[in-house]
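In: Next come a sequence and a model predicted from it.
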Amino acid sequence: MSEATLPPPDPGEKVPVDAADAVLAAAATAVDGAAEPEAFTPLDVPKRLLLVHAHPDDETIGTGATMAKYAAEHALVTLVTCTLGEEGEVLVPELEHLAADKEDGLGQHRIGELAAAMEALGVRDHRFLGGPGRWRDSGMMDTPANERPECFWRADLDEATRELVAVVREVRPQVVVTYDEKGGYGHPDHIQAHRVAVAAFDKAGDPSYAPGLGEPWQPAKLYYTTFPKSVLQAGIDALKAAGESDFFGGVDSAEDLPFGVPDDQVTTEVDAGDYLDAKTAAMRAHKTQIAVDGPFFALSNNIGQKAFGTEYYMLVKGSAGPRDGANGREPDLFAGVD
Ligand SMILES: [Zn+2]
């Protein structure tokens with residue numbers, strides 16, 4: 001949802017400032033019920049962006065500045081997160097009891113962290129694929145967690161695709177963002193998120209696919225998140241110069257990292273440096289997951305805006321717009337979209 005969900009002001013009615021929340025709640029109810037003839041529809045918002053991520057925190061680390069920028073520009077930004085991240089490591093000592101091998105309460109806790117992060121980014125439409133807890137975090141590859149029948153890695157691909165197709169047909173994004181086929185760095189839930197997002201991109205516009213899930217809608221562009229190897233190398237060099245050596249096992253060369261692509265494969269570079277504060281606040285909201293003294297904040301402190309305010313993408317379906325941004329890349333995910 002966005003500000004566009006607000007009903008027009010009634011000139012005959014004085015609304016006290018502290019009633020703003022009630023107005024928002026009423027607007028949200030009207031949208032959810034979709035019963036009123038003047039109800040908001042997504043097509044009222046010119047730019048619509050859907051991001052498909054695996055766990056709470058992935059959206060902020062990978063695409064947080066982009067999300068904040070487009071939300072601030074009044075795009076409809078919809079986040080779909082595929083799991084609650086139940087298997088994550090807990091980096092806050094007083095919350096260690098939540099871990100999967102203890103109370104197993106981390107997933108519920110991370111719902112709150114994600115909500116706080118979305119508030120920081122200004123993103124109001126965030127959902128879990130199939131509802132919160134429908135699929136469980138699969139843990140790292142070849143661990144017992146990905147043997148569990150309810151984990152996302154073992155999800156029925158068609159069921160998961162249908163859930164996402166329903167969202168695509170509802171919010172009608174022109175642009176969809178997810179991971180590449182390696183899931184960025186190989187986590188099973190990221191690979192599965194990629195599969196589901198690509199399948200939904202391909203099927204949402206097909207009238208013969210799941211006709212009960214709403215009017216067909218074909219998004220115009222599909223992007224994968226990525227990093228140019230040169231940017232990763234600059235990060236490694238800066239961390240080494242600052243005396244940090246534990247970044248991804250202390251590699252010397254970006255070629256040894258399991259993610260990133262040659263610079264010429266990066267099609268799109270979104271400069272959202274003005275939203276670095278929002279991204280940093282969102283990272284802090286994921287406090288069980290992102291240590292403030294860990295490599296991400298070390299990177300942020302040492303390279304600052306260049307490391308975190310600019311986010312990189314590869315266009316894999318649809319037509320590129322003008323490559324008139326930095327480094328001969330598209331500066332805007334919506335470039336060339338009517
Ligand atoms: Zn993840």
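Out: Received the coordinates, thanks. Numbering: from 1, shown residues only.

In: Wait, G325 touches E269, no?
Out: Yes - the pair G325 / E269 is scored as a contact, 5.7 Å apart, by CB atoms under 8 Å. All C-beta atoms are positioned from the backbone trio N, CA, C, and that covers glycine.

In: residues shared between the contacts of those two?
Out: Each of P331 lies in contact with both G325 and E269 under the rule CB atoms under 8 Å, 6 or more residues apart in numbering.

In: Neighbour count for these two, which is higher?
Out: Taking other CB atoms under 10 Å, G325 and E269 do not tie; E269 has more neighbours (20 against 16).

In: The stretch 151-300 of the chain: helices as residue ranges?
Out: Under the criterion DSSP state H, counting those that start in this stretch, the stretch 151-300 of the chain contains helices at 157-171, 183-186, 188-203, 229-241, 276-285, 295-303.

In: Just send the ones you listed back as a markdown table, with mean neighbour count and distance to the ion too.
Out: Listed next are the helices of the stretch 151-300 of the chain as a markdown table, based on neighbours: other CB atoms under 10 Å; distance: least, CB to the ion, whole Å:
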| stretch | mean neighbour count | distance to the ion |
| --- | --- | --- |
| helix 157-171 | 20 | 16 |
| helix 183-186 | 17 | 8 |
| helix 188-203 | 23 | 6 |
| helix 229-241 | 18 | 18 |
| helix 276-285 | 21 | 14 |
| helix 295-303 | 18 | 13 |
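
In: Present those helices as TSV; the columns should include mean pLDDT.
Out: Shown next, in TSV, are the helices of the stretch 151-300 of the chain (pLDDT from 0 to 100):
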stretch	mean pLDDT
helix 157-171	98
helix 183-186	87
helix 188-203	98
helix 229-241	86
helix 276-285	93
helix 295-303	64
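
In: who wins for proximity to L121 among those?
Out: Closest of the helices of the stretch 151-300 of the chain to L121 is helix 276-285, at 5.1 Å (criterion: CB to CB).

In: Quick check: which ranges of the stretch 1-150 of the chain have low pLDDT?
Out: 1-39 (pLDDT under 70).

In: Please enumerate the helices of it.
Out: Under DSSP H, counting those that start in this stretch, the stretch 1-150 of the chain gives helices at 20-33, 58-72, 106-121.

In: Tell me which other helices or strands the second one touches.
Out: Using 3 or more CB pairs under 8 Å, 6 or more residues apart in numbering; DSSP states H and E as the contact definition, the elements that helix 58-72 packs against are strand 48-53, strand 76-81, helix 106-121, strand 268-271, helix 276-285, strand 310-317.

In: Buried residues, stretch 80-100. List them.
Out: Under the neighbour-count criterion of 16 or more other CB atoms under 10 Å, stretch 80-100 has 80-88, 90-91, 98-100 buried.

In: Which of these sits closest to the ion?
Out: Checking those against the ion with CB to the ion, the nearest one is G85 at 7.0 Å.

In: quick one, phi/psi of that closest one?
Out: Phi and psi for G85, reported as degrees, to the nearest 10, are phi 70, psi 40.

In: ok, it touching I111?
Out: No - counting by CB under 8 Å, G85 stays clear of I111, with 9.5 Å between them.

In: could you dump stretch 249-269 to PDB, C-alpha only?
Out: Listed next in PDB are the C-alpha coordinates belonging to stretch 249-269 (Å, rounded to 0.1, in the frame of the first residue of the first chain):
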ATOM      1  CA  GLY A 249      36.800 -16.200   5.300                       C
ATOM      2  CA  GLY A 250      39.500 -13.600   4.600                       C
ATOM      3  CA  VAL A 251      39.600 -14.000   0.900                       C
ATOM      4  CA  ASP A 252      42.100 -11.800  -1.000                       C
ATOM      5  CA  SER A 253      40.400 -11.900  -4.400                       C
ATOM      6  CA  ALA A 254      36.800 -11.200  -5.400                       C
ATOM      7  CA  GLU A 255      37.300 -14.100  -7.800                       C
ATOM      8  CA  ASP A 256      37.200 -16.400  -4.800                       C
ATOM      9  CA  LEU A 257      33.900 -15.200  -3.500                       C
ATOM     10  CA  PRO A 258      30.900 -17.400  -4.300                       C
ATOM     11  CA  PHE A 259      28.900 -14.400  -5.600                       C
ATOM     12  CA  GLY A 260      29.300 -11.400  -7.900                       C
ATOM     13  CA  VAL A 261      29.700 -11.300 -11.700                       C
ATOM     14  CA  PRO A 262      32.100  -9.700 -14.200                       C
ATOM     15  CA  ASP A 263      31.400  -6.000 -14.400                       C
ATOM     16  CA  ASP A 264      30.100  -6.100 -17.900                       C
ATOM     17  CA  GLN A 265      27.300  -8.400 -16.900                       C
ATOM     18  CA  VAL A 266      25.900  -5.800 -14.500                       C
ATOM     19  CA  THR A 267      23.200  -4.000 -16.400                       C
ATOM     20  CA  THR A 268      21.800  -1.700 -13.800                       C
ATOM     21  CA  GLU A 269      23.200   0.500 -11.000                       C
END
